[in-house]
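# can you look at this prediction? I've put the sequence above it.
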Amino acid sequence: MSIIEYKCPSCGGDISFDSGAQQMVCPYCDTAFDVEALKSLDEELSKPGGDQLDWSRPNNDWREGELENMRVYACQSCGGEIVGDETTAAASCPYCGSHVVMAGQFAGALRPDLVIPFKLDKNEAVAALQRHYRRKILLPKVFKDQNHIEEIKGLYVPFWLFDAESDAAVRYHATRVRSWSDSAYHYTETSHFDVARQGDIGFVYVPVDGSSEISDELMESIEPFRTEDAVDFQTAYLAGYFADKYDVDADRCVARANERIKKSVETLFAATVTGYHSVAAKSSSVQLKSGKVRYALFPIWLLGTSWNGKRYLFAMNGQTGAFAGDDLPVSWSAYWIGVLLFTAVFTPLVFFLLRILMST
């Protein structure tokens, strides 16, 4: 098995990619150097092959199928075993903390084309979660007091980026309403219009999550990622973080990419139909052509916590800071107290205004 570890050339300490400095940094001697200096370590990734351990099922020790998705790697620093699943591509040794990259997960055709390096660190992710809590005025106080982050990790998530040209035509039914009155009657005139929009729109880097372990809805809720910051892939960017290899291939993501492109076209066209009181789409045809796909890794921070036996998962865009996650619990006592206070304050005011109106 082939594992890449990044060691400081000055002191031999474990180094990682620093999102603030945008360089490789040694925490022991403070040596810093550019990622490009480690480019030679990635040469083996152009070679085909996989460095996964072949498992055989021990007699009666494992249930059927349990070992199929497990992978074991040996840490080059301490010899300890690093256990992951079939998608694990970067991790840390649980014994000595060394940052390792499973080179075989990126070998040959598995090598990503692009990577967006982390811009925000762990402290900024924790601060974002605290701000998220503060905005929830009905969050139980005991949740805030007792809640602790049980898991936080920087993770590179696999994405497929689709390029396409769209040839679209959309028809709308629109209305325009005019009203007037005379001494006897009030009139309303409704005019109906058949509106058409047609044209070509090009799309670049439409992202679709290539991991089945994280929901597409959660990933899309922390978009957009600024793809103009993407750089050519190097494993050095993964040092100090976790990374997954895709387990949903590009062919299986095409349908979702097409759906996202179609919705974007319809939204853009609808925004041009103005000057009417109502607009409703009657028909839509979006034909795609000239497709191209790239494989990329995007940075996110995953934060996990639990309360009253329920698990809560949050994600922060490691580039922009966009934050989203599971719905938080609601304090119903705080809710009803708020309703009562609102009623107590505004009911007398309503009656007072009504008395004034009735007396005039």
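Done, it's in.
# distance between the host helix or strand of residue 281 and the chain's centre?
Under the assignment given by DSSP states H and E, the secondary-structure element containing residue 281 is strand 278-307. Once both centres are worked out by CA atoms, centre = their mean, to the nearest Å, strand 278-307 turns out to sit 11 Å from its chain's centre.
# can you start the count at 45 instead of 1 from here on
In the new numbering, first residue 45, that becomes strand 322-351.
# does anything pack onto it? Which helices or strands?
With contacts defined as 3 or more CB pairs under 8 Å, 6 or more residues apart in numbering; DSSP states H and E, strand 322-351 has these neighbours: strand 158-159, helix 166-178, strand 195-225, strand 230-253, helix 294-314, strand 354-361. Heads up, the C-betas are built off the backbone N, CA and C, glycines and all.
# how about that strand: buried residues?
Burial within strand 322-351, assessed by neighbour count using 16 or more other CB atoms under 10 Å, is assigned to 328, 330, 332, 337-347, 349.
# stretch 171-187 too?
Along stretch 171-187, the positions that meet the burial threshold by neighbour count (16+ other CB under 10 Å) are 172, 173, 176, 183, 184, 187.
# so the second one makes contact with residue 347?
Read that as residue 173. Yes. With contact taken as CB atoms under 8 Å, residue 173 and residue 347 are classed as touching, separated by 5.5 Å.
# what residues are shared contacts of these two?
Taking CB atoms under 8 Å, 6 or more residues apart in numbering as the contact rule, residue 173 and residue 347 both touch 193, 358, 360.
# for the last one, give me its contacts.
Residue 360 makes contact with 164, 168, 169, 172, 173, 266, 344, 345, 347, 366, 367, according to CB under 8 Å, 6+ apart.
# could you do the second one as well?
The contact partners of residue 358, taken as CB under 8 Å, 6+ apart, are 173, 176, 346, 347, 348, 349, 367, 368, 369, 370.
# gap between the second one and residue 312?
Between residue 176 and residue 312 the distance, using CB to CB, to the nearest Å, works out to 31 Å.
# low-scoring stretches of the stretch 45-194 of the chain, by residue?
Of all residues in the stretch 45-194 of the chain, those with pLDDT under 70 make up the ranges 45-46, 82-129, 137-141, 147, 179, 182, 185-192.
# same thing but at 90, please
45-155, 170, 173-194 (pLDDT under 90).
# mind checking pLDDT for the residue nearest the centre of the chain?
Among the residues of the chain, the smallest C-alpha distance to the mean C-alpha position (CA atoms, centre = their mean) belongs to residue 263, namely 2.7 Å. As predicted, residue 263 sits at a pLDDT of 91.
# same check, this time on residue 348
Model confidence at residue 348, expressed as pLDDT, equals 85.
# just to check, it is in contact with residue 173?
No. The pair residue 348 and residue 173 fails to qualify as a contact (CB under 8 Å) at a distance of 10.4 Å.
# which neighbours do these two share?
Counting by CB under 8 Å, 6+ apart, the residues touching both residue 348 and residue 173 are 193, 358.
# now residue 345: closest residue in space, sequence neighbours ignored.
Counting by CB to CB, 6 or more residues apart in numbering, residue 345 lies nearest to residue 169, which is 3.8 Å off, once chain neighbours are set aside.
# the one you found touches residue 343, doesn't it?
No. Residue 169 is beyond contact range of residue 343, at 10.7 Å (criterion: CB under 8 Å).
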